[in-house]
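Q: prediction below, plus the sequence it came from.
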Amino acid sequence: MRSNVTTFLIGAILGAGLRDLLRNLSLNYKGDDEEPIYVELESQFILSPDILYAILKKFTECMSNGLAEENYKDMPMIPSFVERLPKGNETGYFLAIDLGGTNARICLVDLKGTREQPVLIQKKAVVPDDVKAGKSEDLFNWLADLTFEFVNENEITNEEKIKLGFTFSFPVVQSGLSKGKLTQWAKGFSCEGVVGKDVVEPLQKALHNKGLEIEVVALVNDTVGTLVSHSYVDEMTFMGVILGILILNVSKGTGTNAAYVEECSRIKKKDLKGKQMVINTEWGAFDSERKYLPYTKYDNHLNKESLYPNQQNFEKMISGMYLGEITRHVLVDLHARGLLFPASNINCLLKRESFLTSQMSRIERDNSKNLDDVKIVLEKNIGISETDLNDRKLVKHVCKCVGTRAAQLSAMAIGAVLKHSGRWDCTVAIDGSLFEHYPNFKLRIQQTLRQLFGVVSDDVKLSLANDGSGIGAALIAASC
Ligand code: BGC
């Protein structure tokens, strides 16, 4: 249910002001004779500056609470025990295992002691569904098997144990650089016997059982890895962000989250000796009680059906894992109301996850007069029996509304961290194909930053940081 404050604000901002805002956010309009359904969708999904300010206020409060309280649900603000960014003179071979969502990667990183992008050899595999839903040993043995194959295929040998950084991109509470317990699963995983336990120990054991001379020296979130690896090539890097999407069945950084450099004096919940430490915000968990974000009935539907109801609520509005599904709920509702595909059979759309975020991205990219590619996506790829131009325009509009909201919320969150830190002249390293491939996503973030924070936000450089998490983990391992 919408909170009262946002219901009130949505009512108040409808009209010319909202239109201008939408124009600025790269939404195209049909003209002044729009049908009410276009306006209805905009009012449900597009967030006015007032709504965003209200969310920003809560988001910022939650960041401060998370820095002060252990296990703060709304924003865990997890100390990573990474106390410094790389100097750029690190050398040697390091391994990384990167378990991020749909895929796992094993990487060998050759650090040359220069600030150039390090050389990376890697092997990727899709995590099988039975491993995702199996037992703890199945998961860690599967990772060890993959590492074993990689080490043999690349004939990796070393006189001493090779150091490995383990990128584990799930909510973990760390008690040291190489120690951390999983607090809850996300992104389609539900392995038994992992939640509440340390994740480094079983990995180390599985590698040892395979006879591999490897020492797991660091446990790293993908956002921390992205921040660290990008800072290697750009010293101005202050934040690492993941904005993930599904591209067909392959995913990179499926969720959303961010890490940044914090002053230890502000991390009240820990008695830390150093000056600074990287904090993994786990911002995907924001609004654990569903009080602050303007949920539509479609979001509520998705939440109810999800593997983790009432968890990762912020992530559910931003991550590519969910955007296609939210859009699908809207399309099914519009059909039921007789407003979309009136003459078509849409049984194919009734199945969960039958509409992908990558298809939204393709639909938004189609600027042809008759929306020819939208027709292909809807009819050929999804299987809707027939569409006309009005259907296609409306579907494109739904995608724009859902996609724009995700960009607005991403911008609010990035800006919240920068404002909290008083840092605008910096680089924000962003990985994930939502940022990389979704049409206008970066532009919409920039425009929303400008709307909310003014000209200071022009100093922020939003940089694409591809595949940084593995290199980052290796760089952190190098510092051990
Ligand atoms: C996880 C984070 C991770 C993010 C991006 C979220 O679901 O909780 O730890 O950083 O996805 O991969």
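A: Happy to help now that I have it.
Q: any stretches of the chain with poor pLDDT?
A: 1-34, 246-253 (pLDDT under 70).
Q: give the residue farthest from the middle of the protein.
A: Going by Cα atoms, centre = their mean, the residue of the chain most distant from its centre is Glu159, 38.4 Å out.
Q: show me what counts as buried in stretch 149-161.
A: 150-151, 156 (16 or more other Cβ atoms under 10 Å). Yep, even glycine has a C-beta here, placed from its N, CA and C like the rest.
Q: tell me which element the residue farthest from the centre of the chain falls in.
A: Element membership for Glu159 (DSSP states H and E) is empty, with no helix or strand holding it.
Q: got the buried residues for the helix or strand harbouring Leu56?
A: Using DSSP H and E, Leu56 falls within helix 49-68. Neighbour counts using 16+ other Cβ under 10 Å place 49-52, 54-56, 58-60, 62-63, 65-67 of helix 49-68 among the buried residues.
Q: how many other residues sit next to Gly422?
A: Gly422: 7 surrounding residues under other Cβ atoms under 10 Å.
Q: so the spatially closest residue to Asn103 that is not a sequence neighbour bridges to which residues?
A: Once flanking residues are discounted, Asn103 sits nearest to Lys124: 5.4 Å by Cβ to Cβ, 6 or more residues apart in numbering. Note on Lys124: beta-bridge partners by DSSP bridges are Arg105.
Q: now do the SS call for Pro202.
A: Counting by DSSP: H, G, I helix; E, B strand; the rest coil, the backbone at Pro202 sits in helix.
Q: ok, now which ones touch the residue nearest to Asn103?
A: Going by Cβ atoms under 8 Å, 6 or more residues apart in numbering, Lys124 touches 103-105.
Q: which of those residues lies closest to the ligand?
A: Nearest to the ligand among the contacts of Lys124 is Asn103, at 11.1 Å by Cβ to the nearest ligand atom.
Q: contacts for stretch 130-145?
A: 97, 99, 104, 127-128, 188-194, 197, 202-203, 205-207, 209-210, 212.
Q: pull the longest helix from the protein.
A: Counting by DSSP state H, the longest helix found in the chain is helix 389-421.
Q: what angle separates that helix from helix 49-68?
A: Helix 389-421 and helix 49-68 meet at an angle of 40 degrees, taking axes from the mean of the first three to the mean of the last three Cα atoms, to 10 degrees as the criterion.
Q: any idea how far helix 389-421 is from the chain center?
A: Centroid separation between helix 389-421 and its chain, computed with Cα atoms, centre = their mean, to the nearest Å, is 14 Å.
Q: sorry, back to before: list the ones among the contacts of stretch 130-145 that fall in strands.
A: 97, 99, 104 (DSSP state E).
Q: show me what contacts the second one?
A: Leu99 makes contact with 127, 143, 166-169, according to Cβ under 8 Å, 6+ apart.
Q: counting by contacts, list what the lengthiest strand in the chain packs against.
A: For the chain, the longest strand by residue count, based on DSSP E, is strand 250-263. In terms of contacts (3 or more Cβ pairs under 8 Å, 6 or more residues apart in numbering; DSSP states H and E), strand 250-263 is packed against strand 103-112, helix 222-233, strand 237-247, strand 276-280, helix 315-318, helix 320-336, helix 389-421.
Q: the ligand is nearest to which of those?
A: With Cβ to the nearest ligand atom as the criterion, the ligand lies closest to strand 237-247 of the helices and strands packed on strand 250-263, at 3.9 Å.
Q: specify the local secondary structure of Thr114.
A: Relying on three-state DSSP, one would call Thr114 coil.
Q: closest one to the ligand out of the buried residues of helix 49-68, please.
A: Distances from the ligand to those, taken by Cβ to the nearest ligand atom, are shortest for Gly66, at 13.8 Å.
Q: which residue sits closest to that closest one, ignoring its sequence neighbours?
A: What sits nearest to Gly66 in space, not counting adjacent residues and going by Cβ to Cβ, 6+ apart, is Met77, at 3.2 Å.
Q: from the contacts of Lys124, which would you call buried?
A: Neighbour counting by 16+ other Cβ under 10 Å classes 103-105 among the contacts of Lys124 as buried.
Q: list of residues touching stretch 77-85?
A: Contacts for stretch 77-85 (Cβ under 8 Å, 6+ apart): 63, 66-67, 171-174, 176-177, 220-221, 224, 227-228, 231-232, 237, 259, 261, 267, 270, 272, 274-282, 476, 479.
Q: how about that stretch: buried residues?
A: Quick answer for stretch 77-85 (16+ other Cβ under 10 Å): 77-83, 85.
Q: right, is that stretch up against the ligand?
A: No - judged by Cβ under 6 Å from any ligand atom, stretch 77-85 and the ligand are separated, with a smallest distance of 8.8 Å.
Q: and that stretch, how far out from the chain middle?
A: Worked out by Cα atoms, centre = their mean, stretch 77-85 lies 19 Å from the chain centre.
Q: before we move on, the earlier item: closest one to Tyr298 out of the buried ones among the contacts of Lys124, please.
A: Using Cβ to Cβ, Asn103 is the member of the buried ones among the contacts of Lys124 that lies nearest Tyr298, at 28.1 Å.
Q: the closest one reaches Val126, doesn't it?
A: Yes - the criterion here is Cβ atoms under 8 Å, and Asn103 meets it with Val126 at 5.8 Å.
Q: sorry, back to before: wait, does the helix holding Leu56 make contact with the ligand?
A: No - using Cβ under 6 Å from any ligand atom, we find that helix 49-68 stays clear of the ligand, coming within 13.8 Å at best.
Q: what packs against that helix?
A: Counting by 3+ Cβ pairs under 8 Å, 6+ apart, helix 49-68 packs on helix 4-13, helix 389-421, helix 441-453.
Q: the closest residue to the ligand within the stretch 151-300 of the chain: neighbour count?
A: Nearest residue of the stretch 151-300 of the chain to the ligand, counting by Cβ to the nearest ligand atom: Gly255, 2.4 Å away. Neighbourhood size, Gly255 [other Cβ under 10 Å]: 30.
Q: wait, it sits on Ser169?
A: Yes - Gly255 lies in contact with Ser169 (Cβ under 8 Å); the separation is 7.2 Å.
Q: which residues are in contact with both of those two?
A: 101, 187, 242.
Q: how about the secondary structure of the first one?
A: With three-state DSSP as the basis, the three-state label of Gly101 is coil.
Q: state the distance from it to the ligand.
A: Per Cβ to the nearest ligand atom, to the nearest Å, Gly101 is found 6 Å from the ligand.
Q: so for that residue, what's the nearest residue that isn't a sequence neighbour?
A: Per Cβ to Cβ, 6+ apart, closest to Gly101 is Thr254, 3.3 Å.
Q: ok, back up a step: how about the buried ones among the contacts of Lys124 in CSV, adding distance to Phe355?
A: Converted to CSV, the buried ones among the contacts of Lys124 look like this (distance: Cβ to Cβ, whole Å):
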residue, distance to Phe355
Asn103, 22
Ala104, 26
Arg105, 28
